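Colleague: need the 3D shape of this:
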Amino acid sequence: MNKRDIMQENNIFITGKPRSGKSTLVRELVAECGKKVVGLRTPEIRRNGKRVGFCLQDIDTGERGVLAHVDIKEGPKVGKYVVCMEDLEKFTELSLNKLPEDTDLVVIDEIGKMEMFSENFVHTVEDLLKGDIPVLAVLHRNLVNRYKEYGKVYRLEKDNYDEVKGSVLNAVIDLT
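Modeller: This is a model prediction of the structure:
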């Protein structure tokens, strides 16, 4: 077995259309896997019931920052959102570069268009995917071809949620 085969067995990606449940699935897997999980989540920021941005949240500490928001005036733009590069850089370091020794699994929710504006994020993710600690990541559907060689890709659809959840949970438990 060569290093590439090991990487493919070591990392798991979840992809799918918007609102298919990718982030919900990852949140449930983190809660149920029974492992020391660290990494980064990007939950929505809502105002009056409408999405106005995305947080950056360190899974281990709960610390939060802003990934992107409609009220930010300067920075790279993705749709109606402007990326907060300062917080993206800070949380790349905090959540993905300084891993505790007892880490069983690194979670990245998500590797997407907004995150790709940070060279540090891209390099950090690629280093993690080549490393010894398994990675579970939500992968934007347009980035599957770029990253699929680094792990197994599960496509989440509205009608296969339970099946994918069971498969990924078993894979995560077997990894560590």
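Colleague: tell me the average confidence for the lengthiest strand in the chain?
Modeller: The strand of greatest length in the chain, counted in residues with DSSP state E as the criterion, is given as strand 50-58. The average pLDDT within strand 50-58 is 96.
Colleague: buried set for the helix of greatest length in the chain?
Modeller: Ordering each helix of the chain by length in residues (DSSP state H) puts helix 161-175 first. Of the residues in helix 161-175, those buried by neighbour count under the rule 16 or more other C-beta atoms under 10 Å are 161, 164-165, 168, 171-172, 175. The way it works is simple: take the backbone N, C-alpha and C, and place the C-beta from them, glycine included.
Colleague: check stretch 80-93 too.
Modeller: Taking 16+ other C-beta under 10 Å as the neighbour-count basis, stretch 80-93 is seen to contain the buried residues 81-85, 87-88, 91-92.
Colleague: endpoint to endpoint, that stretch covers what distance?
Modeller: Start to finish, the residues bounding stretch 80-93 are 26 Å apart (C-alpha to C-alpha, to the nearest Å).
Colleague: next structured bit after the worst-scoring helix or strand of the chain on mean pLDDT?
Modeller: Within the chain, confidence by mean pLDDT, DSSP states H and E is lowest for helix 3-10 among all helices and strands, at a mean of 56. Helices and strands here follow DSSP states H and E; after helix 3-10, the next one along the chain is strand 11-16.
Colleague: now stretch 94-109: average pLDDT?
Modeller: Per-region confidence: stretch 94-109 scores 94 on mean pLDDT.
Colleague: pLDDT wise, what is the closest residue to Ile59 other than its chain neighbours at?
Modeller: The spatially closest residue to Ile59, leaving aside those adjacent along the chain, is Gly39, at 4.9 Å (C-beta to C-beta, 6 or more residues apart in numbering). The confidence metric pLDDT takes the value 97 at Gly39.
Colleague: now stretch 42-55, how far from the centre of its chain.
Modeller: Per C-alpha atoms, centre = their mean, to the nearest Å, the displacement of stretch 42-55 from the mean C-alpha position of its chain is 17 Å.
Colleague: what of stretch 168-176?
Modeller: Taking C-alpha atoms, centre = their mean, one finds stretch 168-176 lying 16 Å from the centre of the chain it belongs to.
Colleague: for that stretch, which outside residues touch it?
Modeller: Under the contact criterion C-beta atoms under 8 Å, 6 or more residues apart in numbering, stretch 168-176 has outside partners 9-10, 12, 14, 25, 29, 32-35, 104-105, 134, 136, 152, 154.
Colleague: what about the residues you listed, which are in helices?
Modeller: Cross-referencing these against helices under DSSP H gives 9-10, 25, 29, 32.
Colleague: make a ChimeraX selection of the buried ones in the residues you listed.
Modeller: Selection of the buried residues among these in ChimeraX, burial being defined by 16+ other C-beta under 10 Å:
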select :10,25,29
